[in-house]
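A.B. asks: Okay, here's the prediction I keep looking at, along with the sequence it came from:
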Amino acid sequence: MLPKEELFQAQLALRRLCLYRSVADDPVVWTAVQLAELVQEDLPLQVLETYHALTGMLAYAEVAPSGDVGDPWQDHLLDLIIYDDNPFTRKAELVSPKEMGTSLVEAVKSDLGCLQTLYHLGDLLIPATASFLQDHPKIRPEGPLPDWKTFQGMPADHRQDVNQIKTLLAMEGDWTELVEPLADYYAQGGAGLFGRFWGFQWDGQELVGIPNPDPIRLADLIDYEEQRRVVLRNTEQFLRGLPANNVLLYGDRGTGKSSTVKALLHEYGSRGLRLVEVAKQMLGDFPKIAAVLSKRPQRFIVFVDDLSFDEDENEYKELKAILEGSLTARPENVLIYATSNRRHLVKETFSDRDGELHRQDTVQEKLSLADRFGITVTYLAPDKAVYLSIVEGLARQHGLAIDTPTLHRRALEWEVWNNGRSGRTARQFIDHLIGELALKV
């Protein structure tokens, strides 16, 4: 017996969505509801085709990170809900449901009831389609229909906050009672693009989310504790809404400047920190970027990596305007963190010293750019003792079974023949050693 009434309720639920309207535009959701309609209309060929099309869409779960909760259909729908960008999710970032308008809260409740109906639609479609096709022997498959519930994704680490809200939705019998917990999630984790991603790149037109940012953690970094302490203290002040400075991390290559900034994302992402990587050639787009970021409650670090300018590059003037303040002021929820191998960010040449009446002004303008950063943190290449300390620390992290004298000897040989002493060289040596030891097993 076909559950026709339940299938019809799913069709109604899709059309009644108000705030979460983008869920109705999702191809997977639309195809699922279309399948329910075709079963209702008794169109066997279209039912067969649409069922397999839907299964093919959900099969991409096999090559995606494994879902947090439920089968691929359920996890897909939960993703659409928690990462949606609508008036409710935006307002929930700022105020509690008690401070929202009554009409908005009622609209959310109505939508959550509809979404719960769609959530359970997946449990109906497989048996309903199988039962329907039994009555059409000419097109009835000989074996069982492919079952998307058995698709298995790739192993993955999931955000704890995401897993918790998904589990709550999956276990709750009445989603209309979850307005407050859902609002709490958006307030902490963010809405829309800024809830889904913690790291971004500016492509010249818009912010592009980074699904798998560099996994480096602060705990992975060895030595340079004092430098990191300065960066962490400034970042803590920023997150708490206290006065904080733009930061320049300057020093020798391979000493962990960029890794320090990237590691902040995993340390503070759950507290609302977001990292936006901007190429120096795009610094002129800062007013556009600021216009987007200033409207959000999260705290943003605009990250400019490997910053330096040749004599014929004028982008340094854009950076100077950002740091000093221009007509487009830097929003209070945005800081600039930059890394550079060059203490004076703009290359000075002898041509700067000749042929201009006020040449000293030009020289000073270029050389003082670094001074516009409130904090400069210096990373110097490690000496022999520090280099070997980094090697030892990395070897312990990876559990390498090698005696210390041999480790030291080989590490010193490696730095001579490769890139000199640095944290990066130490990591490259350890990576080489891991592969070498694995091959001997």
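C.D. replies: Structure's in. What do you need? Not measured: the values here are computed from a predicted model.
A.B. asks: can you map out the helices along the stretch 1-150 of the chain?
C.D. replies: For the stretch 1-150 of the chain, the helices defined by DSSP state H, counting those that start in this stretch cover 4-16, 21-24, 27-40, 44-58, 72-82, 87-92, 102-134.
A.B. asks: name the element residue 427 belongs to?
C.D. replies: Using DSSP states H and E, residue 427 maps to helix 423-440.
A.B. asks: Please export the C-alpha coordinates of that helix as PDB.
C.D. replies: Presented in PDB, the C-alpha positions along helix 423-440 are these (Å, rounded to 0.1, in the frame of the first residue of the first chain):
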ATOM      1  CA  GLY A 423      61.500  25.000  10.800                       C
ATOM      2  CA  ARG A 424      60.400  24.200   7.200                       C
ATOM      3  CA  THR A 425      63.700  22.400   6.500                       C
ATOM      4  CA  ALA A 426      63.200  20.400   9.700                       C
ATOM      5  CA  ARG A 427      59.700  19.400   8.700                       C
ATOM      6  CA  GLN A 428      60.800  18.400   5.200                       C
ATOM      7  CA  PHE A 429      63.600  16.300   6.700                       C
ATOM      8  CA  ILE A 430      61.100  14.500   9.000                       C
ATOM      9  CA  ASP A 431      58.700  13.900   6.100                       C
ATOM     10  CA  HIS A 432      61.600  12.300   4.200                       C
ATOM     11  CA  LEU A 433      62.500  10.200   7.200                       C
ATOM     12  CA  ILE A 434      58.900   9.000   7.700                       C
ATOM     13  CA  GLY A 435      58.800   7.800   4.100                       C
ATOM     14  CA  GLU A 436      62.200   6.200   4.300                       C
ATOM     15  CA  LEU A 437      61.400   4.300   7.500                       C
ATOM     16  CA  ALA A 438      58.000   3.200   6.100                       C
ATOM     17  CA  LEU A 439      59.700   1.600   3.100                       C
ATOM     18  CA  LYS A 440      62.000  -0.400   5.300                       C
END
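A.B. asks: got the buried residues for that helix?
C.D. replies: For helix 423-440, a neighbour-count test (16 or more other Cβ atoms under 10 Å) marks 423-430, 433 as buried. (Each C-beta comes from the backbone N, C-alpha and C, glycine too.)
A.B. asks: C-terminal to the helix or strand of the chain with the lowest mean pLDDT, which secondary structure element comes first?
C.D. replies: Least confident helix or strand of the chain, by mean pLDDT, DSSP states H and E, is helix 359-367 with a mean of 49. Per DSSP H and E, the first helix or strand lying C-terminal to helix 359-367 is strand 375-379.
A.B. asks: Beyond that following strand, next helix or strand please.
C.D. replies: Next in sequence after strand 375-379, counting helices and strands by DSSP H and E, comes helix 384-397.
A.B. asks: and that following helix, which residues are buried?
C.D. replies: Neighbour-count burial for helix 384-397 flags 386-388, 390-395 (criterion: 16+ other Cβ under 10 Å).
A.B. asks: give me phi/psi at residue 161?
C.D. replies: Here the main-chain torsion angles of residue 161 (degrees, to the nearest 10) amount to phi -70, psi -40.
A.B. asks: for the closest residue to it other than its chain neighbours, what are its contacts?
C.D. replies: In this structure, residue 161 finds its nearest non-sequential neighbour in residue 189, 4.9 Å apart by Cβ to Cβ, 6 or more residues apart in numbering. When contacts are counted by Cβ atoms under 8 Å, 6 or more residues apart in numbering, residue 189 touches 82, 159, 161-162, 165, 195, 270.
A.B. asks: in the stretch 301-441 of the chain, which ranges drop under the pLDDT threshold?
C.D. replies: Counting by pLDDT under 70, the stretch 301-441 of the chain shows low-confidence ranges at 309-316, 325-329, 342-368, 441.
A.B. asks: what do you get for the stretch 51-200 of the chain?
C.D. replies: Using pLDDT under 70, the stretch 51-200 of the chain drops low at 68.
A.B. asks: about what we covered before: can you put the buried residues of helix 384-397 in CSV and add distance to residue 29?
C.D. replies: Formatted as CSV, the buried residues of helix 384-397 follow (distance: Cβ to Cβ, whole Å):
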residue, distance to residue 29
386, 55
387, 55
388, 57
390, 50
391, 52
392, 53
393, 49
394, 46
395, 50
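A.B. asks: Now do the strands in the stretch 251-400 of the chain.
C.D. replies: Secondary structure of the stretch 251-400 of the chain (DSSP state E, counting those that start in this stretch): strands located at 273-277, 299-304, 334-340, 375-379.
A.B. asks: quick one: residue 9 from residue 421, how far?
C.D. replies: Going from residue 9 to residue 421 by Cβ to Cβ, to the nearest Å gives 68 Å.
A.B. asks: Name the residue in the two with the higher neighbour count.
C.D. replies: Neighbours per residue (other Cβ atoms under 10 Å) separate residue 9 from residue 421, with residue 421 holding more: 25 against 17.
A.B. asks: Please report phi then psi for the residue nearest to residue 161.
C.D. replies: With angles defined as degrees, to the nearest 10, residue 189 sits at phi -90, psi -20.
A.B. asks: Same question for the one 5 residues further on.
C.D. replies: Geometry field for residue 194 lists phi and psi as phi -80, psi -10, criterion degrees, to the nearest 10.
A.B. asks: ok, now which ones touch it?
C.D. replies: 274, 296, 298.
A.B. asks: you'd agree residue 263 is up against residue 216?
C.D. replies: Yes: Residue 263 is within contact range of residue 216, at 4.9 Å (criterion: Cβ atoms under 8 Å).
A.B. asks: For the two, indicate the residue with more neighbours.
C.D. replies: Between residue 263 and residue 216, counted using other Cβ under 10 Å, residue 263 has the larger neighbour count: 22 against 18.
A.B. asks: Look up how far residue 3 lies from the more buried one.
C.D. replies: Residue 263 sits 51 Å away from residue 3, going by Cβ to Cβ.
A.B. asks: Quick one, which of the helices of the stretch 1-150 of the chain gets closest to residue 155.
C.D. replies: Among these, the nearest to residue 155 by Cβ to Cβ is helix 72-82 (14.8 Å).
A.B. asks: The closest one - contacts with which helices or strands?
C.D. replies: Where contact means 3 or more Cβ pairs under 8 Å, 6 or more residues apart in numbering; DSSP states H and E, helix 72-82 is packed against helix 21-24, helix 27-40, helix 44-58, helix 102-134, helix 160-171, helix 179-189.
A.B. asks: which of the residues in the longest one are buried?
C.D. replies: By neighbour count on 16+ other Cβ under 10 Å, the buried set for helix 102-134 is 104-105, 107-112, 114-119, 121-122, 124-126, 128-129, 132-133.
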